[in-house]
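>>> Using only what follows, build the 3D model:
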Amino acid sequence: MWFCIWAVAAASPQAAFGGTSFCEQDRGSSQSGGPVLRSEVDLQTVNVQVKDRRGNDVLGLGTHDFTVREDGKLQEIAFFGTGPVNVAVLVDSSSSIVRKGRLGSAEEIATRFMRIARSGDEVWAMDFTEWTGPFEQVTQKEVSNPGRLTIPGAGGSGSAVYDAIATAICHLRSSTNPRQAIIVITDGVDEHSRLSLDQLIDLVRSQRAQLFLIGLPSQPKFRFLGHIEPKVTLVSGHDIDNPDLVFDRLAKEAGAETFIPKSENGLQDALKALSNLLESEYTLAYYSPKTSRKLRRIEVKVNRREARVLTSRFIVANPDAAELVHYVEGSCAVSPKFHPYPYDSRLTNGPGGMMYREDFSKRQSGWPEHPDSHYVAGGYELSTLQQGGAGTAAPRMSQDLGNPATPSSSTSIEATYRDNVVAAYGPSWQDFRVSVNVKAVYERELRWDERSQFSYPLHGAAGLVFRVNEKGYYALLVGPSADDKTKLAFELVARTFQGDSFAESVIVPWTTVDRASPAEAQLAVQDIGDQIVILVDGQQVGAARDDTYTDVGYVGFTVSAPAHAIFSNLLVQQR
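Sure thing, here's the model as predicted:
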């Protein structure tokens, strides 16, 4: 297991050292509908470590020992501090993180940090996934009396790292302590944040808290290692920021320090290193001259012979920054109104709760856009066929293509098939009913060949997927009946992810439906608890009980080679 620490020094607002809140809820709240964090960067903070020639910390220095220059101009130090720190410990409990050993809850990790912190430090803890748990203080009294403090988990299984950091910044806004730090233990996989990485970087730059990330590895099935692209694609087809580049950007663009402990007890070593860093660190602040330059060079010197100064070389400030992040009134939750998900405009209230309607008329509604899954006129298309085999590792086969009802043996082209394509998006659902119209073309079934390297024999199919999460999903598959190609047959399966493939278990075997066309049909599933009901063209055609997946998950679509399909009029209703 490896750990990395990124220490991000942020600019401090002018109000930071006056003991007033810089969220300014009363100013403009009638227009915004909720408080905002504003960037007030006249007072710049610089966090500094001083080392002797042996690498030991030089302690006991005062204001007169330092000089600060910005873009070569000497600045007057307005604040100097080495006192206690307010520390927020955020723990990502999403299921993407490798769980080797006992990582511990937010409460447990905050307690471990409290035991090595200095007297006077205030430590807070918060668990997060795609949701955030309560933000609770951990005191020395509670550390010495185990069991007195219970910080609830956030629930959920995904992760919203950016929003969690913004929430912690908001919680710390009312503190009068000029020294603040946020420790985030995460793999950097962000699937659910309303804020973008750019917005988070701007927010961190404009506030007084230092940000530290303790990096944990993602589970191998997420296959993030080795990627250099800015985006990586999840099994749902959704693109997220490459976790490695998330850490890299926070480090490079916000002036960070990186530390990789070597001990087997990596987490504890990381926490100890952070405590030592905060204890030895000096915080300087000065009023920055008015300038339109966003990137400013900082030079800090100390009047000690052979001493080295470790600090950021640049301050990034945006004097024109106004409202950065909106929060729900009376809370520190990132506002859905001002930071909506792309699908939020498709949500309404129905008789049983939330309803999600998607007609795929606007590409901005958030569904994945890839060569094999994309918006088309009147719907959303998935295809396992790629001409010429470009951009895929699937095998190349020369085969006759065509609708099984009207086969054509006169055309032979070289085509590449993927054995399975999935696209899922929108809110996560627990108990629900989902329906969609599907128009499908099932290519001529290919002869099974061991050299094809497919994970299972080819059987062209299309259908719905539901309860899609990091473990797997259910799939309602439809295709031509083996007995009569003009009729539709369906199958219900559960697929569990296993590395680059999946293990499939059949819940309802292939069943022919009379009077239903395999080329065009309305499919529906009602999933409440472990009870799954299957409907085709409004008529119930099957039911089953299965508890393989009972957690919340996405709904979406799939096609299995060799086929392509267009899906339209998606409706999901909470039950």
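
>>> Which residue, other than its chain neighbours, is closest to D537?
For D537, ignoring the flanking residues on the chain, the nearest one in space by CB to CB, 6 or more residues apart in numbering is Q522 at 5.3 Å. (Each C-beta comes from the backbone N, C-alpha and C, glycine too.)

>>> What is the burial count for the one you found?
Burial of Q522, expressed as a neighbour count using other CB atoms under 10 Å, amounts to 16.

>>> That one: helix or strand, and which one exactly?
With the criterion set as DSSP states H and E, the secondary-structure element containing Q522 is strand 520-528.

>>> Surely V91 and I109 touch.
Yes. The pair formed by V91 and I109 meets the contact definition of CB atoms under 8 Å, at 5.6 Å.

>>> Who has more neighbours out of these two?
In this view V91 and I109 are compared by other CB under 10 Å, and V91 has more residues nearby, 28 against 23.

>>> could you say what helices and strands the strand or helix carrying the more buried one packs with?
Using DSSP H and E, V91 sits within strand 86-92. For strand 86-92, the contact count by 3 or more CB pairs under 8 Å, 6 or more residues apart in numbering; DSSP states H and E identifies helix 106-116, strand 122-128, helix 161-171, strand 180-186 as packing neighbours.

>>> between the ones you listed, which one is nearest to D269?
helix 106-116 (10.7 Å; CB to CB).

>>> circling back to that earlier point, who touches the residue nearest to D537 in this structure?
Taking CB atoms under 8 Å, 6 or more residues apart in numbering as the definition of contact, the neighbours of Q522 are S435, V436, N437, V438, L535, V536, D537, G538.

>>> Could you name the helices and strands sitting against the helix or strand that the strand holding Q522 is followed by?
Of the helices and strands lying after strand 520-528 in sequence (DSSP H and E), the nearest is strand 531-536. Other elements packing on strand 531-536 under the criterion 3+ CB pairs under 8 Å, 6+ apart are strand 472-480, strand 488-498, strand 501-513, strand 520-528, strand 539-545.

>>> Turn these into JSON lines, including distance to S119 and mean pLDDT.
Output for the helices and strands packed on strand 531-536, formatted as JSON lines (distance: least, CB to CB, whole Å; pLDDT from 0 to 100):
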{"stretch": "strand 472-480", "distance to S119": "49", "mean pLDDT": "94"}
{"stretch": "strand 488-498", "distance to S119": "48", "mean pLDDT": "92"}
{"stretch": "strand 501-513", "distance to S119": "53", "mean pLDDT": "92"}
{"stretch": "strand 520-528", "distance to S119": "54", "mean pLDDT": "97"}
{"stretch": "strand 539-545", "distance to S119": "58", "mean pLDDT": "97"}
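
>>> of all the ones you listed, which gets the most neighbours per residue?
Sort the helices and strands packed on strand 531-536 by mean neighbour count, taking mean count of other CB atoms under 10 Å, and strand 472-480 sits at the top with a mean of 25.

>>> Next, the angle from it to strand 539-545.
For strand 472-480 and strand 539-545, the angle between their directions (axes from the mean of the first three to the mean of the last three CA atoms, to 10 degrees) works out to 140 degrees.

>>> Give me the domain ranges for the protein.
What the record gives for the chain is the domain set 5-326, 344-574, from automatic domain parsing.

>>> and the longest helix for this protein?
The helix that spans the most residues within the chain, counting by DSSP state H, is helix 266-280.
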